[in-house]
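Asker: Next come a sequence and a model predicted from it.
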Amino acid sequence: MTNKQIRVFSGVQPSGDPQLGNYLGAFRGWVKKQSEKDNFFCVVDLHALTVTPSPEDLKKQTRELAAVLFACGLDPDQSTLFVQSHVSAHAEGCWLLNCVTPIGWLERMTQFKDKSEGKERVSTGLLDYPVLMAGDILLYDADEVPVGEDQKQHVELSRDIAERFNRLYGETFKIPRPVIPEIGGRVMGLNDPNVKMSKSFADIRGHAIRILDTPEEIERSFMRAVTDSSNEIVFSNSPEKAGVNNLLGIYKVITEKSEEEVEKDFASARGYGDLKKAVAEVVIEELRPIKEKYLELMKDVSELDRLLSVGAQQASSIAFLKLDQMKEKMGLILPVSKELI
Ligand code: AQP
């Protein structure tokens with residue numbers, strides 16, 4: 001199989017301001033590998049509905065996220081980028097897969113437990129999220145699903161759902177595999193290095209670096225980052241060094257240096273202040289061209305919308321074929337002429 005025959009699917013929710021973890025754990029790798037594979041990337045707005053955003057926020061965040069992805073370097077000639085709700089096969093596919101997914105599989109999901117904890121009421125959509133995600137992936141017969149560590153469990157569930165469907169109705173889906181970046185798979189919050197950096201917490205002071213933050217904001221957040229009371233700048237798995245480890249990890253992914261080279265860079269540092277400054281500098285330089293390109297793209301929203309429509313057309317041409325195949329296997333009759341519907 002040549003690499004172009006390897007199909008990749010991944011998504012991101014327009015659930016807030018995209019942050020450094022999204023970039024290092026996902027977007028950066030998508031862009032770097034896009035020329036090698038057959039890529040489908042999706043702004044998963046139906047997923048974002050699970051936490052009931054305001055309609056205005058959702059619209060704004062969907063366009064902004066698409067623009068950020070193009071600004072990061074996704075090239076419409078190499079990758080199909082589209083908005084999930086533009087291809088209704090995703091919602092339909094989810095219903096069909098719901099009917100083969102035992103509810104206990106969903107109740108076990110760590111992200112569901114985390115996101116529902118302490119809430120008096122959660123939507124059915126939050127529980128069902130992984131089935132919609134399975135549909136996203138399986139409709140495209142994706143071979144690979146590049147995700148950060150936090151989404152690995154959901155990709156594994158997609159595999160289980162695909163296997164169960166294949167067992168019940170005969171060979172229908174390819175079994176996808178999660179691809180976790182060797183480094184950058186788990187960027188932690190700067191205010192608490194035991195919690196992963198998240199869009200939803202981006203409003204908490206000092207938690208996240210937003211991709212569109214100003215250089216001043218980026219520097220301020222890094223200077224406030226939680227570290228420890230020693231002054232040893234080394235990679236370490238010990239829980240007390242989680243903050244320093246996170247900063248070194250971010251520096252390592254962006255500079256593409258080895259751990260030894262990174263530690264050497266800080267051998268003569270005077271303390272964590274020097275480390276924080278250096279990490280802030282490399283992040284600012286990495287994000288600067290992305291922000292410039294983003295501002296350029298947002299000047300012409302109609303062109304952005306046009307690019308997303310082209311992406312939706314390309315995605316539809318694959319997704320609806322698979323959806324029909326699922327329906328037939330499950331015993332639903334297909335309309336004789338879709339034009340009459
Ligand atoms: N902190 C992180 N480190 C590495 N990778 C991360 N990703 C998210 N946070 C980190 C990866 O980004 C991709 C898109 O994520 P998503 O928006 O679909 O869902 P998420 O994982 O739930 O991301 P957030 O930022 O934490 O969003 P909210 O707060 O809305 O839940 C995925 O590949 C993810 O692994």
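Answerer: Great, that's in hand. Remember, it's a predicted structure, so these values are computed and weren't measured experimentally. Residues are numbered from 1 along each chain as shown.
Asker: Pull up the residues of the stretch 1-150 of the chain that are close to the ligand.
Answerer: 11-13, 15-16, 19, 21-22, 25-26, 147-148, 150 (CB under 6 Å from any ligand atom). C-beta coordinates here come from the backbone N, C-alpha and C atoms, glycine included.
Asker: So which of those residues sits lowest on pLDDT?
Answerer: Here the lowest pLDDT out of these sits on Gly148, with 83.
Asker: Quick check: closest non-adjacent residue to it.
Answerer: Gly25 (3.3 Å; CB to CB, 6 or more residues apart in numbering).
Asker: number of nearby residues for the one you found?
Answerer: 26 (other CB atoms under 10 Å).
Asker: tell me the contacts of it?
Answerer: Gly25 is in contact with 147-149, 181, 184-187, counting by CB atoms under 8 Å, 6 or more residues apart in numbering.
Asker: I'd like the residues you listed laid out as TSV, including secondary structure and neighbour count.
Answerer: Output for those, formatted as TSV (DSSP: H, G, I helix; E, B strand; the rest coil; neighbours: other CB atoms under 10 Å):
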residue	secondary structure	neighbour count
Val147	coil	23
Gly148	coil	22
Glu149	helix	16
Pro181	coil	18
Gly184	coil	22
Gly185	coil	22
Arg186	coil	17
Val187	coil	26
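Asker: Run through the helices of the stretch 101-250 of the chain in chain order.
Answerer: Secondary structure of the stretch 101-250 of the chain, counting by DSSP state H, counting those that start in this stretch: helices at 103-107, 110-116, 124-138, 152-169, 215-223, 242-255.
Asker: These: which one's closest to Arg177?
Answerer: Closest of the helices of the stretch 101-250 of the chain to Arg177 is helix 152-169, at 7.5 Å (criterion: CB to CB).
Asker: okay if I get the helices of the stretch 101-250 of the chain as a markdown table plus distance to Leu97?
Answerer: As requested, the helices of the stretch 101-250 of the chain are exported to a markdown table (distance: least, CB to CB, whole Å):
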| stretch | distance to Leu97 |
| --- | --- |
| helix 103-107 | 11 |
| helix 110-116 | 16 |
| helix 124-138 | 5 |
| helix 152-169 | 6 |
| helix 215-223 | 40 |
| helix 242-255 | 34 |
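Asker: tell me the domain ranges of this structure?
Answerer: Domain assignment for the chain by automatic domain parsing gives 3-181+301-340, 199-296.
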